[in-house]
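Participant: what's the 3D shape of this:
(2 chains)
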There are 2 protein chains.
Amino acid sequence: MLKNLLAAIILFTAIAGKAQTYPKDSAQLKLISNYILNNYHCYNDLRDLCKQIGHRISGSPQAEKAVYWGKEVMEKIGCDKVYLQEVMVPRWVRGEEEAFIIGQKGVRKPVVISSLGNSVGTGGKKIKAEIIQFNNIDELKLMDEKKIKGKIVFFNYRFDQMNVNTFDSYGPCVYYRWGAPSEAAAKGAIAVVIRSVSSAYDDKPHTGSMRYDKKYPSIPAVAISNVDADKLEQQLVKEKKVSFELRSTCEMLSDVKSYNVVGELTGTELPNEIICFGGHLDSWDIGEGAHDDGAGVVQAMEVLRTFKKLGIKPKRTIRAVLFMNEENGLRGGVKYAELAGKNHENHILAIESDAGGATPFGFSMTMSYERSEKVKSWLPLLRTYGIYNLDRSGGGADIGPLAQKFGTPVMELLPDSQRYFDMHHSANDVFENVHRRELCLGAVALTAMVYLVNVHGL
Amino acid sequence: MLKNLLAAIILFTAIAGKAQTYPKDSAQLKLISNYILNNYHCYNDLRDLCKQIGHRISGSPQAEKAVYWGKEVMEKIGCDKVYLQEVMVPRWVRGEEEAFIIGQKGVRKPVVISSLGNSVGTGGKKIKAEIIQFNNIDELKLMDEKKIKGKIVFFNYRFDQMNVNTFDSYGPCVYYRWGAPSEAAAKGAIAVVIRSVSSAYDDKPHTGSMRYDKKYPSIPAVAISNVDADKLEQQLVKEKKVSFELRSTCEMLSDVKSYNVVGELTGTELPNEIICFGGHLDSWDIGEGAHDDGAGVVQAMEVLRTFKKLGIKPKRTIRAVLFMNEENGLRGGVKYAELAGKNHENHILAIESDAGGATPFGFSMTMSYERSEKVKSWLPLLRTYGIYNLDRSGGGADIGPLAQKFGTPVMELLPDSQRYFDMHHSANDVFENVHRRELCLGAVALTAMVYLVNVHGL
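Facilitator: Modelled structure (predicted):
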């Protein structure tokens, strides 16, 4: 009987606690949302980043400018601490690039290319060879290497339009950008052309990271647009023998000193419990890195600004991290985890926003079952802000090392993915293609999650 | 005991039935989704409608072209029946329109206007008067009519950016377009200028329907863009006395014969149980009516095409309706319900798609609790296609008369609302602002819902 009474008391206390807490949370989240949507500082920040600095590949002068810009914005917000974490980053330079498709009777047509990130160039010399098409890696692997040797391989793998979440199509596709060039080199190819990893049917090539397998020669690798890939495919059907001529000067220079930028509001009660969240400050060297990942950067800073302006003093430490070098090295993410270890920091949660600035619909989570159930219990509060999905497992690239080294619970903001790979790593990724309200709603979702974890722990 | 056994058998049958049915539903929905995303016929249809016909206000030659275009598309799909429902529609013609803002020392600045739909014009004559600003209707109602008499009223009511769903901001705003002009006339104003009902901060005025209260004089009413409204507001602060000059020739002509366009696949088992779904074929006379409501029209036709191409023979009758005159009269919706009554038709569900072609996140529903619970039981199947929200009550304008007359269960597709009112009723509402995958996902959601209601009833 006493046991039952005790159970009843515990249950009642739990329910009463919830009833007291949730209306307060609900009111506070509405203030957060109103502040962000009505002032849209993060949108203005993004305009500054995109238009005053522009694209900012690791190690570039623009990346350096972005570091000091981020630091200044967070200082102006009035963070308790703003500091830089030094990290050496690779410095890849695109230089010049041009290519021609040479058909029957020697007809030369220029084609717009984008060298893949980290690719070697042709050293400024023209290379020219017959181009040979493979629709997937199996076709290449099954072909006798004599038929490939000395040729230029065209990977014609298409972005699958049938997945509802375009990230599910990105995965298989990205292999052709990341690893397949070395597979072609293993068979004796002298260069690789890939169909852009892109959901858009347009004339813009999309770059992105590739990695050489040191066992094989490092050969130049470039992307062409979906429209040009279709044309090339048709020309190959019609003319059978088509050549590709390439000249490029891209190269990997020595590593350069750079920085992660960190800003935080120190917890009033549990300062050693850190909730970190961020995006990456570097971008590719075309477009303006607006969705990838200017959006994540300005949303992370907006969390701090919103707490500060609304006078919410976090009981735990909340920290925005603008990571350097996500795109072609992940050195910033690795360094952040290394320093977290060295400083014996206790991260109770890390959240990444690196999937663009569109309307959010959820968060992916990798954490214990109990923690994920706790987060899911907040769904009634989050649905008001369009957050319906807390199911997918996932995290993010920059916070991956934290999760791997320390088992830190991680989350990633999930924006609607339909337009993302139209723009990703291409000249389409500019400020004008980010919608103010959509970007702000991402910041609202991120701030709401940080708010709830700060109040209730994890 | 027998009763318990019976109950157990019923329960078991229900569970087994579910287990058998749902995997089949799940597989079928994936085929539906794949077909639509991979072929995107509805996107191509929308291009044809927007680019070959363009905007198509009720009673216009373009609206007539759209009727025959819709009929032809549904005939090509191979519907069992395609037919027109005759309906007399209003014919409002914009004609010419120009306006100037006249400041201190007589400085005249032209301002882009858009006469509100159904508004009278100035008969081609110039009218000019002092402009007097009201931030809301209460300010007008509280002011002595002597101060308003003979003046031009400027309703400077802003779109609330703080709502997450922009439709929640549209409601209060639209009053200033629909009803407020007559309130100004009641106080003796000679014309009304409104700040556009728009979430975008740009230089495009947004039109839309207005209605005169016959008790008061019908006075011209026009919209100006958000940018121009801000400029006017600032000028009024600075110069105090500012005049507005307007010349327009818009007018309401005699009613014109037009049509709803209906296409259906006849049910194989329960042909008298009708599931209807649609959008409206008419649009405003600026832009191309791409989101409003070309999207709904092509999505409705895509449902029929998908059933047909995948060889799914519906057991109930599924019917696409392209309604005429939603924008400035709703005559098509009223006529449809009238004919449904006359023909003793049994609609088990009507679904409207008239909230744009963006990524869908749910359906609003107005129906009995039991029916809505049945629909909600399908959520696990629908979540795969981004449909998370089946909560909001709602329906649609064109299917409203069905619901009112017969209590027909109604639903409306809910696409992400962030961009919709940037474009709605303005020159921004063009094909280029519709995203292929987003539009297709709306068609997937609509087809999935029709599929499930067809299989399981409602």
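Participant: for chain B, what are the nearby residues on chain A?
Facilitator: Listed as neighbours of chain B in chain A under the rule Cβ under 8 Å from any Cβ of the partner chain: A:33-34, A:37-38, A:40, A:161-162, A:164, A:166, A:199, A:359, A:361, A:383-386, A:388-389, A:416, A:418-419, A:435, A:437-438, A:441, A:444. Where you see a C-beta, it was placed from the backbone N, CA and C, and this is true even at glycine.
Participant: among those, name the ones in strands.
Facilitator: Using DSSP state E, residue A:361 are the members of the residues of chain A next to chain B that sit in strands.
Participant: out of the residues of chain A next to chain B, which end up buried?
Facilitator: A:33-34, A:37, A:40, A:161, A:164, A:166, A:199, A:359, A:361, A:385-386, A:388-389, A:416, A:418-419, A:435, A:437-438, A:441, A:444 (16 or more other Cβ atoms under 10 Å in any protein chain shown).
Participant: which residues touch whichever residue of the stretch 51-200 of chain A sits closest to chain B?
Facilitator: Nearest residue of the stretch 51-200 of chain A to chain B (Cβ to the nearest Cβ) works out as residue A:162 at 4.6 Å. Counting by Cβ atoms under 8 Å, 6 or more residues apart in numbering or on different chains, residue A:162 touches A:169, B:33-34, B:37-38.
Participant: so residue A:428 touches residue A:205, yeah?
Facilitator: No - using Cβ atoms under 8 Å, residue A:428 is not in contact with residue A:205; the gap is 10.6 Å.
Participant: which of these two has more neighbours?
Facilitator: Ranked by neighbour count (other Cβ atoms under 10 Å in any protein chain shown), residue A:428 and residue A:205 place residue A:205 first, with 29 against 22.
Participant: give me the neighbour count for residue A:213.
Facilitator: 13.
Participant: err, residue A:453, not the other one
Facilitator: Applying other Cβ under 10 Å, I find that residue A:453 has 25 neighbouring residues.
Participant: and if you look at the one 3 residues further on?
Facilitator: Summarising burial for residue A:456: neighbours were counted as other Cβ under 10 Å, giving 13.
Participant: local confidence estimate at the residue nearest to residue A:140 when sequence neighbours are not counted?
Facilitator: Among residues not flanking residue A:140 along the chain, residue A:134 sits closest, at 4.5 Å (Cβ to Cβ, 6 or more residues apart in numbering or on different chains). Looking at residue A:134, its pLDDT stands at 98.
Participant: how about residues contacting the strand or helix carrying residue A:321?
Facilitator: Taking DSSP states H and E as the criterion, residue A:321 maps to strand A:316-323. With Cβ under 8 Å, 6+ apart as the test, strand A:316-323 has contacts from A:67, A:70, A:74, A:260-267, A:269-282, A:297, A:300-301, A:303-304, A:307, A:332-333, A:336, A:348, A:398, A:450, A:453-454, A:457.
Participant: among these, which ones are in helices?
Facilitator: In helices, judged by DSSP state H, the following of the contacts of strand A:316-323 are found: A:67, A:70, A:74, A:297, A:300-301, A:303-304, A:307, A:332-333, A:336, A:450, A:453-454.
Participant: what subset of those residues is buried?
Facilitator: Buried members of those, counted by 16+ other Cβ under 10 Å: A:67, A:70, A:74, A:297, A:300-301, A:303-304, A:307, A:332-333, A:336, A:450, A:453-454.
Participant: ok, back up a step: in its sheet, which strands sit next to the strand holding residue A:321, and in what direction?
Facilitator: Taking DSSP bridges as the criterion, strand A:316-323 forms sheet pairs with strand A:251-265 (antiparallel), strand A:270-280 (parallel).
Participant: circling back to that earlier point, looking at the buried ones among the ones in helices among the contacts of strand A:316-323, which one is closest to residue B:100?
Facilitator: Each of these was scored against residue B:100 by Cβ to Cβ, and residue A:301 proved nearest at 44.0 Å.
Participant: quick one, what contacts that closest one?
Facilitator: The neighbours of residue A:301, taking Cβ under 8 Å, 6+ apart as the test, are A:42, A:45, A:70, A:73-74, A:77, A:263, A:320, A:322.
Participant: could you pull out the strands for the stretch 151-300 of chain A?
Facilitator: With DSSP state E, counting those that start in this stretch as the criterion, the stretch 151-300 of chain A has strands at A:152-155, A:191-195, A:221-224, A:243-248, A:251-265, A:270-280.
Participant: any idea which residue of chain A lies closest to chain B?
Facilitator: Closest point on chain A to chain B, by Cβ to the nearest Cβ, is residue A:388, at 3.4 Å.
Participant: the closest residue to that residue other than its chain neighbours: what's it in contact with?
Facilitator: Once flanking residues are discounted, residue A:388 sits nearest to residue B:388: 3.4 Å by Cβ to Cβ, 6+ apart. Listed by Cβ under 8 Å, 6+ apart, the contact partners of residue B:388 are A:361, A:388-389, B:361-362, B:379.
Participant: make it 10 Å
Facilitator: A:361-362, A:383, A:386-389, B:360-362, B:379, B:382, B:414 (Cβ atoms under 10 Å, 6 or more residues apart in numbering or on different chains).
Participant: what's the most distant pair in the residues you listed?
Facilitator: Most distant of the contacts of residue B:388, by Cβ to Cβ, are A:387 and B:382, 17.3 Å apart.
Participant: for the stretch 1-150 of chain A, which spans come out with low pLDDT?
Facilitator: Along the stretch 1-150 of chain A, the parts satisfying pLDDT under 70 run over A:1-21.
Participant: could you redo the last one with a cut-off of 80?
Facilitator: Residues of the stretch 1-150 of chain A that meet the criterion pLDDT under 80 lie in A:1-22.
Participant: show me where it has its strands.
Facilitator: Secondary structure of the stretch 1-150 of chain A by DSSP E, counting those that start in this stretch: the strands cover A:81-93, A:97-102, A:108-111, A:113-115, A:127-134.
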